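Asker: For reference, the sequence and a predicted model appear below.
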Amino acid sequence: MSKTVRPAGTTGEVFKAFLILGLTSFGGPIAHLGYFRTEFVERRRWLTEQAYADLVALCQFLPGPASSQVGFALGLTRAGYLGALAAWIAFTLPSAMILVLFAMGANIFDSTIAQGIVHGLKITAVAIVAHAVLGMARNLCPDHQRTGIALGAVVTVVFISGPLGQVAAILVGAFAGLILCRQGGVQQKHDLVLPVSSNSGYVAAFIFTLFLLGLPVIAWVSPSPSVALMDSFYRAGALVFGGGHVVLPLLEAETVQSGWISADEFLTGYGITQAVPGPLFTFAAYLGALMEPMHSKLLGAGLALVMIFLPGLLLLIAIVPHWNKFRRWKGAQSLMHGANAAVVGILGAAL
């Protein structure tokens, strides 16, 4: 059973930290991981380098938006469930609000000054990622074996694009670590602070499955547009690995091909989503605000936003109670040494 511990921080502290990131984190999910490392590993020291890399590797395996899952988990480890909720709201809400305003007709990026600010922030994201890659490489690739695993991960994601390449790189890195990193020295104690019991994890897994299987049935029985919207966006969030751009074909099928919005509206919203900070999954708020059957733009945006994020967050809660237990298994440290080196390679390839 997972050990439940008292969180070390406050909800307000978590909210303020992630609100700043939600307003300034341009560059996509890989850049977000760099921002998180700089803020929470280096500056605030909420967790160790290896604990952070372990968390990133875990979230890469789960369906949903990896960077948002990492942020949710950081809030969870720092201030419990309220901290996790605060982290998600603060990181997600700024971009979601901008996209909803845009859907309502407020074209806030027309001015030259606004475009220049956005361009400058995107360039800054490159420096943030570079700093993260160098820092993680020093700590997580200290020998030839792990350096080789990182380079192998670079090659893998270059030749196999998208989330499949990232998952493949981590899997290959983990198994390479099992073979090559057995002499990695004394096992390091860097358990994550996980205020989640095993029972809570089982409840989260049950709710995830209930929604995935139950919403289509309810949508088929009931003609309610709200239920149909919830079903569509929950399924998109539950069945996509890698998040970000990978979810676009699913969202296009659910919204454009069903006749809820036009192809032009979809492409316009996707374009503006590239210009705002925060996770790409907030594109769902724009789509929900334009859904033709919905009578309230705000209700549609809110439902779409919550439902597309919910499955990935539920799965994370279901898994984390068993995470530290896994890392104590014989060979788990070697696996994680290899997986963490692969994460460095993935970041390097993105840079």
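Answerer: Arrived safely, thanks for sending.
Asker: Verify the stated contact: residue 290 with residue 265.
Answerer: Yes - counting by Cβ atoms under 8 Å, residue 290 sits close enough to residue 265 to count as a contact (5.7 Å). All C-beta spots, glycine's among them, are computed from the backbone N, C-alpha and C.
Asker: ok, for residue 219, nearest residue in space, not its chain neighbours?
Answerer: Spatial nearest neighbour of residue 219, excluding adjacent residues (Cβ to Cβ, 6 or more residues apart in numbering): residue 231 at 4.3 Å.
Asker: Identify the residues contacting that neighbour.
Answerer: Neighbour list for residue 231: 215-216, 218-219 [criterion: Cβ atoms under 8 Å, 6 or more residues apart in numbering].
Asker: Out of those, which is nearest to residue 274?
Answerer: When the contacts of residue 231 are compared for distance to residue 274 (Cβ to Cβ), residue 215 wins out at 29.5 Å.
Asker: element containing the spatially closest residue to that closest one that is not a sequence neighbour?
Answerer: Once flanking residues are discounted, residue 215 sits nearest to residue 231: 4.0 Å by Cβ to Cβ, 6+ apart. Using DSSP states H and E, residue 231 maps to helix 225-238.
Asker: which stretches of the stretch 101-250 of the chain form helices?
Answerer: 112-140, 144-159, 162-180, 198-221, 225-238, 248-255 (DSSP state H, counting those that start in this stretch).
Asker: right, so the ones you listed: which one is the most enclosed?
Answerer: Each of these was scored by mean neighbour count; the highest is helix 225-238, a mean of 23, by mean count of other Cβ atoms under 10 Å.
Asker: With just CA atoms, put that helix into PDB.
Answerer: Extracted in PDB, the C-alpha atoms of helix 225-238 (Å, rounded to 0.1, in the frame of the first residue of the first chain):
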ATOM      1  CA  PRO A 225     -26.200  17.900 -26.600                       C
ATOM      2  CA  SER A 226     -24.400  18.300 -23.300                       C
ATOM      3  CA  VAL A 227     -24.000  14.600 -22.800                       C
ATOM      4  CA  ALA A 228     -22.900  14.200 -26.400                       C
ATOM      5  CA  LEU A 229     -20.300  16.900 -25.900                       C
ATOM      6  CA  MET A 230     -19.000  15.200 -22.700                       C
ATOM      7  CA  ASP A 231     -18.800  11.900 -24.400                       C
ATOM      8  CA  SER A 232     -16.900  13.200 -27.400                       C
ATOM      9  CA  PHE A 233     -14.300  15.100 -25.500                       C
ATOM     10  CA  TYR A 234     -13.800  12.500 -22.700                       C
ATOM     11  CA  ARG A 235     -13.200   9.900 -25.400                       C
ATOM     12  CA  ALA A 236     -10.700  12.100 -27.200                       C
ATOM     13  CA  GLY A 237      -8.700  12.700 -23.900                       C
ATOM     14  CA  ALA A 238      -8.800   9.000 -22.900                       C
END
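Asker: start the count at 797, not 1, going forward
Answerer: Happy to do that; since the first residue is 797 now, the last one works out to helix 1021-1034.
Asker: between it and helix 994-1017, how big is the angle?
Answerer: 130 degrees (axes from the mean of the first three to the mean of the last three Cα atoms, to 10 degrees).
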